[in-house]
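Student: with the input below, show me the fold.
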Amino acid sequence: MSHSDVLVIGGGIAGVATAYQLACHGHGVTLVERGELAGEASGVNAGSIDATGWGRAPDLQVHLTTGSLELFQALQRDEGLDIELRQSGYLQSIHTRPQLAWARERVSELTGKGHSAELLDAETARRLEPELNPDLPGYVHYPERAQADPVKATRAFAAAATRRGARVLTGREVRSLLRDGASWRVNTDQETLVAGALVLAAGPWCAKLGVRLGLDIPIVAVRGQMWATGPLPVRVDHVIGSSESIMHWQRAPGGDDVTPPFLTHRGSTRLMRHLYGRQTRAGAIIFGGDRQLVGFNKTPDAGGIAVNRGHAAEVLPFLRDIPVARTWAGLMPFPLDGKPLLGRLPGHDQLYIVGGLASSGFGRGPMAGKLVADLIHTGAPHPALAEADPARCVRPYRR
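Tutor: From the prediction side, this is the model:
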């Protein structure tokens, strides 16, 4: 039996970032992961980090995105750990005249709030990224957006936490969770862990842990899938995306009592184009975008991969001649109301969650972990956490 101040369940980006920040505050921290660090969505995503700057009145999204970028920068700079971080910028393709009109309004709105974004015609965009399709109506350029290797970055946060005294235990399956007096007692398949506070950071598996605690945590697993070429000479500098889905979700996010918003499919029917990708340092060009509700199924769908590849080739035409070398999929934690769950969970003492970060968990996880670690340390939530309060949606579990 081992004792610590705080026990974190989950070895993805949210869990390791929380453990790191708690260790920086001087807390004794244990992190437990059933598999390996970055073994789920935190290790198989595109490695894109969204940011448009702090602006003049930062909301939760700005804190999570721009705040996380600064934490990634500090991790690589101050800890001396290479996570392949590069502030490359992001180019979002525009395919139709209605999308162009929407993009113009969106850029005006963002810049009016002090954020960084610019609308470019194809010729100007191709000066930044020569392989772009010259026949598209335009592109939105977000110069502050960045990219990093998701596995290296996740494991680097864990390494930095370990340097500050945190214990990181992998290959441990949680068997039971029990509030025992003033402590939490967590039994794994190898030992019993006791801590004063407990943090759930297990992605879509937070809902299953919640059931053991008598809580209905409204987070569901959504499959995202990706594909990659083999190593190529440098052809793509920026993160690449498409405006179609962003425009659609801003106007009609979708979702209901059992289905989260911001999906690309309704059942097996595709609703829209959603695209993101980049070229890694090793030379592979990776793309993905599908967000489909298929339970805990992590098997890639070949048809969906083919559609996404076609969408990528519309933006970067040279990809039509490059074969797919591999495909993969992961499970993302989508909250049913579309908002993250960050903070105290109701019904129990010293129980917290860093969850529901949906498809941008990698790019928002570091700041999400810091905000919750700061809450545990000080007892006072940052004002930005008000819209992510789990009490708004977590209820007692009923069969």
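
Student: return the set of buried residues in stretch 219-235.
Tutor: The neighbour-count check on stretch 219-235 (16 or more other Cβ atoms under 10 Å) flags 219-229, 232, 235 as buried. For the C-beta atoms, the positions are set from N, CA and C on the backbone; glycine is no exception.

Student: now intersect these with the strands, please.
Tutor: Those of the buried residues of stretch 219-235 mapping onto strands are 219, 220, 221, 222, 223, 224, 225, 226, 227, 228, per DSSP state E.

Student: and the helix or strand containing residue 311, what other elements does it pack with?
Tutor: Element membership for residue 311, per DSSP states H and E: helix 302-315. Here helix 302-315 touches strand 219-228, strand 239-242, strand 285-288, going by 3 or more Cβ pairs under 8 Å, 6 or more residues apart in numbering; DSSP states H and E.

Student: can you list those strands in JSON lines and add mean pLDDT and distance to residue 190?
Tutor: Listed next are those as JSON lines, based on pLDDT from 0 to 100; distance: least, Cβ to Cβ, whole Å:
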{"stretch": "strand 219-228", "mean pLDDT": "98", "distance to residue 190": "26"}
{"stretch": "strand 239-242", "mean pLDDT": "98", "distance to residue 190": "40"}
{"stretch": "strand 285-288", "mean pLDDT": "98", "distance to residue 190": "35"}
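
Student: which one of the ones you listed lies closest to residue 299?
Tutor: strand 219-228 (8.5 Å; Cβ to Cβ).

Student: and that closest one with helix 302-315, angle?
Tutor: 60 degrees (axes from the mean of the first three to the mean of the last three Cα atoms, to 10 degrees).

Student: dump strand 219-228 to PDB, restricted to CA.
Tutor: Output of strand 219-228 as PDB, limited to C-alpha atoms (Å, rounded to 0.1, in the frame of the first residue of the first chain):
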ATOM      1  CA  ILE A 219     -18.900  11.600 -21.700                       C
ATOM      2  CA  VAL A 220     -19.000   9.200 -24.600                       C
ATOM      3  CA  ALA A 221     -16.400   7.600 -26.800                       C
ATOM      4  CA  VAL A 222     -16.100   9.000 -30.400                       C
ATOM      5  CA  ARG A 223     -13.800   7.300 -32.900                       C
ATOM      6  CA  GLY A 224     -11.400   9.400 -34.800                       C
ATOM      7  CA  GLN A 225      -9.300   7.900 -37.500                       C
ATOM      8  CA  MET A 226      -6.200   8.800 -39.400                       C
ATOM      9  CA  TRP A 227      -3.900   7.800 -42.200                       C
ATOM     10  CA  ALA A 228      -0.300   8.400 -43.100                       C
END
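
Student: which residues of the stretch 151-300 of the chain fall in helices?
Tutor: 206-212, 244-251 (DSSP state H, counting those that start in this stretch).

Student: which of these sits most buried?
Tutor: Highest mean neighbour count of the helices of the stretch 151-300 of the chain: helix 206-212, a mean of 19 (counted as mean count of other Cβ atoms under 10 Å).

Student: that one - contacts with which helices or strands?
Tutor: Right, helix 206-212 is packed against strand 174-180, strand 192-200, strand 219-228 by 3+ Cβ pairs under 8 Å, 6+ apart.

Student: what's the mean pLDDT across that helix?
Tutor: Computed over helix 206-212, the mean pLDDT rounds to 97.

Student: quick one: work out the angle between the one helix or strand residue 370 maps to and strand 192-200.
Tutor: Assigned by DSSP H and E, residue 370 belongs to helix 361-378. Here helix 361-378 runs at an angle of 110 degrees relative to strand 192-200 (the same axes, to 10 degrees).
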